[in-house]
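> sequence first, predicted coordinates after that:
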Amino acid sequence: MSRTYKAIGINLKSMPLGESDRLITILTREYGLIKAVAPGARKHNSSLSGRSSLFVVNELLIAQGKSLDKITQAETIETYPRLSKDLGKLAASQYMAEIVICQALSEQPQEELFCLLSEHLTRLEQLPSNSEYLVLANLSHAIFHLLALAGIAPQVQACQLSQKPITPDFDNPNWQVGFSIPAGGTVSLSAWEKSQAKNKEVAMQNAIAAKNAVVAESTSYYQIHPRSQLQLTTRFNATELALLQQLATAEISQKSASSWLTIEQILRQYVEYHIDRPIRSAALIDSYFAFLPPSVPQQ
């Protein structure tokens, strides 16, 4: 007989398999990310039909197979029914699930990741109706926490060049700070400009040294190697940086709704840079917010 094991898991992805089965990607507390077949789950009278839906938490009994494991029993522990009734919440949930699938390990306990995902799904579900930009704020919050758990969250409190703290200047309407994905976070514009000037100076010194070497018919010369050119991905204003800095905390203030679009987009680029693949579910977010009217800032 096949070996069986028990696990508590949340369904992250589902796809048809054969005539009536489903292949489900599940994040479990005990064994990390697994794929298992839910036999007959696409039949209306199947006990696994509802239990194989997205974002359902089940206590599972799974039989280990040669190629694919098979769910033999499932008892639902928790569901998030309001996620599927709101397009924005559903899109945000699938977005988070896609990141978790890239991040989760197999055959290893994933207790922290499981609890973190459950917490943010609960927050999404509990948001009031017609709160589209709050969905975006909570999605950004979840993304940052997932990145932090993976140890790759962007540095948003200090400059990546000078390591000095950066504080938003709300008194200056033209104040900005740079953000570099390859550098891993925020960059003071003054520090960046000094770095650019230094690289130009080094390049000029090398050009002069090369010219002198040719004149002297020397076969070699000492070359000063400049720092690699740091490119800024974008720039944030004071409000946007303040929101970005809030993401590291347990709670966020729901204000400046339109700024959350900027925050989500840069976090998306940051995630895609690190996982080296596009987030497909993000297209749903783009489509959803493309047809929404500008929001009144939330207080």
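All right, it came through fine.
> which helices and strands does the helix or strand that residue 146 is a member of pack with?
Taking DSSP states H and E as the definition, one finds residue 146 inside helix 132-150. Helices and strands touching helix 132-150, by 3 or more C-beta pairs under 8 Å, 6 or more residues apart in numbering; DSSP states H and E, are helix 87-103, helix 111-126, helix 259-275, helix 282-290. C-beta coordinates here come from the backbone N, C-alpha and C atoms, glycine included.
> could you list every helix and strand in contact with the third one?
The one in question is helix 259-275. The contact analysis (3+ C-beta pairs under 8 Å, 6+ apart) places helix 259-275 against helix 87-103, helix 132-150, strand 234-237, helix 238-246, helix 282-290.
> identify the residues contacting it?
With C-beta atoms under 8 Å, 6 or more residues apart in numbering as the test, helix 259-275 has contacts from 99, 102-103, 133, 136-137, 139-140, 143-144, 147, 152, 154, 179, 181-182, 233-234, 236, 239-240, 243-244, 247, 278-279, 282, 285, 289.
> that helix to helix 87-103, inter-axis angle?
For helix 259-275 against helix 87-103, the angle by axes from the mean of the first three to the mean of the last three C-alpha atoms, to 10 degrees is 20 degrees.
> what's the answer for the last one, then?
In terms of direction (the same axes, to 10 degrees), helix 282-290 departs from helix 87-103 by 160 degrees.
> which of the residues in helix 282-290 are buried?
Buried residues in helix 282-290, counted by 16 or more other C-beta atoms under 10 Å: 282, 284-285, 288-289.
> the third one too?
Buried positions in helix 259-275, judged by neighbour count with 16+ other C-beta under 10 Å: 259-264, 266-268, 270-272, 274-275.
> go on, the first one?
Of the residues in helix 87-103, those buried by neighbour count under the rule 16+ other C-beta under 10 Å are 88-100, 102-103.
> chain center to that helix, what's the gap?
9 Å (C-alpha atoms, centre = their mean, to the nearest Å).
> what helices and strands are in contact with it?
In terms of contacts (3+ C-beta pairs under 8 Å, 6+ apart), helix 87-103 is packed against strand 4-17, strand 21-28, helix 111-126, helix 132-150, helix 259-275, helix 282-290.
> between those, which one is nearest to residue 251?
Proximity to residue 251 (C-beta to C-beta) singles out helix 132-150 among these, at 8.6 Å.
> which is the next helix or strand following the closest one?
Next in sequence after helix 132-150, counting helices and strands by DSSP H and E, comes strand 176-180.
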